[in-house]
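Trainee: Task: produce atomic coordinates for the following.
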Amino acid sequence: MTDPTELAERVREGDLRLHELEEHADPDAATAARRELLESETDADLDAIGSYGFEAERADPNVENMIGAAQVPVGIAGPVEINADEGDAPNGAAAGEFYLPIATTEGALVASINRGCSTINAAGGATARVTKSGMTRAPVFRVGDVAEAAALVEWVRENEERLAERAETTTSHGELLGVTPYVVGDSVFLRFRYDTKDAMGMNMATIATGEAAELVEEETSASLVALSGNLCTDKKPAAVNAVEGRGRSVTADVSLPRELVEDRLHTTPEAMAEINTRKNHVGSAKAGSLGFNAHVANAVAGMFLATGQDAAQVVEGSNAITTAEVRGAELYVSVSIASLEVGTVGGGTKLPTQAEALDLLGVRGGGDPPGANADALAECIAVCALAGELSLLAALGSRHLSSAHADLGR
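Mentor: Predicted coordinates for the structure are as follows:
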């Protein structure tokens with residue numbers, strides 16, 4: 001094994017650059033050398049960052065210039081019952097009791113979601129369904145004028161099968177579901193949508209779309225300007241995702257008997273419904289928000305970090321609407337997430353701790369049928385968000401929010 005101190009000295013002398021260390025040493029030695037160099041040039045002590053529990057080589061597809069790992073506490077909420085027998089209704093991908101792994105540094109969050117899970121169980125469980133799926137990539141093309149733009153739109157509509165055939169040469173799993181054109185002057189955006197099975201599929205969609213874009217340039221007068229034209233839309237708040245969806249569109253709901261709300265949540269169905277309307281709907285509308293919910297991002301971010309999802313896609317994943325209404329002697333609550341981008345293969349799901357969290361949910365790897373595991377993960381996240389919404393709305397209704405954070409947030 002090459003001595004990390006020697007490697008660090010070679011970088012200091014200009015003989016090597018930080019990103020070249022793996023060419024001269026094994027990944028763990030290269031990682032240690034970077035830490036040693038940084039410690040000598042700063043006042044930082046990187047012992048904790050360097051105390052990671054897997055071989056650095058495992059992270060090669062996920063990070064460059066590795067110095068260690070960030071350790072975020074992982075808590076567990078649940079178990080929570082999801083998709084109990086619905087009689088003649090189609091089954092959800094997730095079925096049974098699930099423990100929900102949540103990585104967070106926010107005190108009181110796991111306790112709050114856990115209270116929501118307990119309440120859901122007392123009501124007989126939550127129902128969740130993926131209602132739409134498809135990862136998108138939208139390149140932007142330049143044309144001469146609006147007449148050429150219209151011609152390109154017509155060509156796309158007439159040649160969607162050829163575009164699919166070309167795109168699918170790059171993947172053994174991905175399937176092009178459709179292409180939607182958008183025209184803005186001499187710019188034409190083509191929003192490609194793919195079934196990526198159990199992969200989150202962003203890279204798959206990008207590579208496939210690149211191949212399809214070559215066909216567009218070969219057959220039309222259009223010139224590709226950028227493979228991503230921001231109408232996809234990835235890692236940015238966007239109304240197109242709220243309306244059309246991206247990744248998985250998933251909804252979870254539960255009906256709570258009045259006595260359960262009063263005894264377990266210490267408020268009333270009427271109070272929770274009014275808070276949801278005035279806070280989540282009216283308040284969000286006044287703020288110009290794209291999400292109409294209390295804190296769905298907390299559940300999405302926590303489970304994303306725990307299970308190896310792309311953390312930046314919490315932006316789209318929190319694009320959710322929470323509803324609450326009194327139905328006779330019950331309170332009906334739902335959470336609908338329009339663009340939840342998740343996968344159970346590829347990316348960060350291969351890292352050891354993230355793989356263990358997926359094992360905890362029983363969804364690691366490819367599903368049977370393909371896509372079933374990613375659907376189940378999406379449903380679990382939606383129910384986690386539902387539990388979080390229930391608990392926070394109740395805390396606001398009972399005016400216990402500040403005391404809970406004082407007790408647990410520290």
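Trainee: gap between the longest helix anywhere in the chain and the chain center?
Mentor: Longest helix of the chain, by residue count under DSSP state H: helix 372-398. Relative to the mean C-alpha coordinate of its chain, helix 372-398 is positioned 14 Å out (CA atoms, centre = their mean, to the nearest Å).
Trainee: Could you find the closest non-adjacent residue to the residue nearest to the spatial centre of the chain?
Mentor: Centrality entry for the chain: nearest residue to the mean C-alpha point is Glu341, 4.2 Å, by CA atoms, centre = their mean. Nearest non-adjacent residue to Glu341, counting by CB to CB, 6 or more residues apart in numbering: Gly247, 3.3 Å away. (Each C-beta comes from the backbone N, C-alpha and C, glycine too.)
Trainee: What does that neighbour show for phi and psi?
Mentor: Reported as degrees, to the nearest 10, the phi and psi values for Gly247 are phi 70, psi -120.
Trainee: I'd like to know how many residues surround it.
Mentor: Residues contacting Gly247 under the criterion other CB atoms under 10 Å number 30.
Trainee: got a list of what Thr268 touches?
Mentor: Arg258, Val261, Glu262, Gly397 (CB atoms under 8 Å, 6 or more residues apart in numbering).
Trainee: OK, contacts around the closest residue to His173 other than its chain neighbours?
Mentor: Distance criterion CB to CB, 6+ apart; nearest residue to His173, sequence neighbours excluded, is Lys197 at 4.9 Å. Contact analysis of Lys197 by CB under 8 Å, 6+ apart lists His173, Gly174, Gly366, Gly367, Pro370, Gly371, Ala374.
Trainee: who wins for neighbours among these?
Mentor: Ala374 leads these on contacts (other CB under 10 Å) with 30 neighbours.
Trainee: these two touch, right, it and Glu341?
Mentor: No - the pair Ala374 / Glu341 is not scored as a contact, 9.7 Å apart, by CB atoms under 8 Å.
Trainee: From Ser284, how far off is Thr323?
Mentor: 12 Å (CB to CB, to the nearest Å).
Trainee: Surely Glu270 and Glu325 touch.
Mentor: No - Glu270 is beyond contact range of Glu325, at 10.1 Å (criterion: CB under 8 Å).
Trainee: Isn't the residue nearest to the centre of the chain up against Asp310?
Mentor: Yes - in this structure, Glu341 is within contact of Asp310 by CB under 8 Å, at 6.8 Å.
Trainee: shaky segments in the stretch 51-200 of the chain?
Mentor: 85-90 (pLDDT under 70).
Trainee: rerun that using 90 as the cut-off
Mentor: 83-92, 172-173 (pLDDT under 90).
Trainee: Can you show me the strands along the stretch 1-150 of the chain?
Mentor: 74-82, 96-103, 127-137, 140-142 (DSSP state E, counting those that start in this stretch).
Trainee: Point out the most buried one among those.
Mentor: strand 127-137 (a mean of 23; mean count of other CB atoms under 10 Å).
Trainee: Name the strands paired with that strand and say parallel or antiparallel.
Mentor: strand 187-195 (antiparallel), strand 247-257 (antiparallel) (DSSP bridges).
Trainee: Could you point out the helix or strand that follows the longest one?
Mentor: The one in question is strand 247-257. Following strand 247-257 in sequence order, the next helix or strand is helix 258-264 (DSSP states H and E).
Trainee: Contacts for that next one, please.
Mentor: Contacts for helix 258-264 (CB under 8 Å, 6+ apart): Ser118, Thr119, Ala122, Ala123, Thr267, Thr268, Pro269, Met272, Ala329, Glu330, Leu331, Ala394.
Trainee: Could you report the neighbour count for the fifth one?
Mentor: Residues lying near Thr267 (other CB under 10 Å) number 20.
Trainee: Look up phi and psi at it.
Mentor: phi -150, psi -160.
Trainee: And for the fourth one?
Mentor: When quoted as degrees, to the nearest 10, the phi and psi of Ala123 stand at phi -90, psi 0.
Trainee: Who does the nearest residue to it once chain neighbours are set aside form a beta bridge with?
Mentor: Excluding the flanking residues, the one nearest Ala123 by CB to CB, 6+ apart is Leu256, at 4.9 Å. Leu256 forms beta bridges with Leu331, as assigned by DSSP bridges.
Trainee: and if you look at Val74?
Mentor: Applying DSSP bridges, one finds that Val74 bridges with Ala103.
Trainee: correct me, but it touches Leu360?
Mentor: No - counting by CB under 8 Å, Val74 stays clear of Leu360, with 9.6 Å between them.
Trainee: Mind listing the shared neighbours of the two?
Mentor: Common neighbours of Val74 and Leu360, using CB under 8 Å, 6+ apart, are Pro101.
Trainee: re the thing from before, I'd assumed Leu340 was in contact with the residue nearest to Glu341.
Mentor: Yes - using CB under 8 Å, Gly247 is in contact with Leu340, at 5.3 Å.
Trainee: Which neighbours do those two have in common?
Mentor: Glu316, Gly317, Ala378.
Trainee: Which of those residues sits closest to Thr127?
Mentor: Distance to Thr127, by CB to CB, is smallest for Ala378 among those, at 13.6 Å.
Trainee: and the closest one, what is it in contact with?
Mentor: Ala93, Val130, Gly247, Arg248, Val250, Ile337, Leu340, Val342.
Trainee: Provide the partner residues of the closest residue to it other than its chain neighbours in its beta bridges.
Mentor: Excluding its sequence neighbours, the residue lying closest to Ala378 (CB to CB, 6+ apart) is Arg248, at 4.1 Å. Using DSSP bridges, the bridge partners assigned to Arg248 are Ser133, Leu340.
Trainee: Let me know the pLDDT of Arg248.
Mentor: pLDDT for Arg248: 97.
Trainee: so it touches Asp375, yeah?
Mentor: Yes - here Arg248 reaches Asp375: they are 6.8 Å apart, a contact under CB under 8 Å.
Trainee: separation between the closest residue to Arg115 other than its chain neighbours and Met66?
Mentor: Leaving aside its sequence neighbours, Arg115 sits nearest to Ser391 (CB to CB, 6+ apart; 4.7 Å). From Ser391 across to Met66, the span is 37 Å (CB to CB).
Trainee: same question, Leu290
Mentor: 35 Å.
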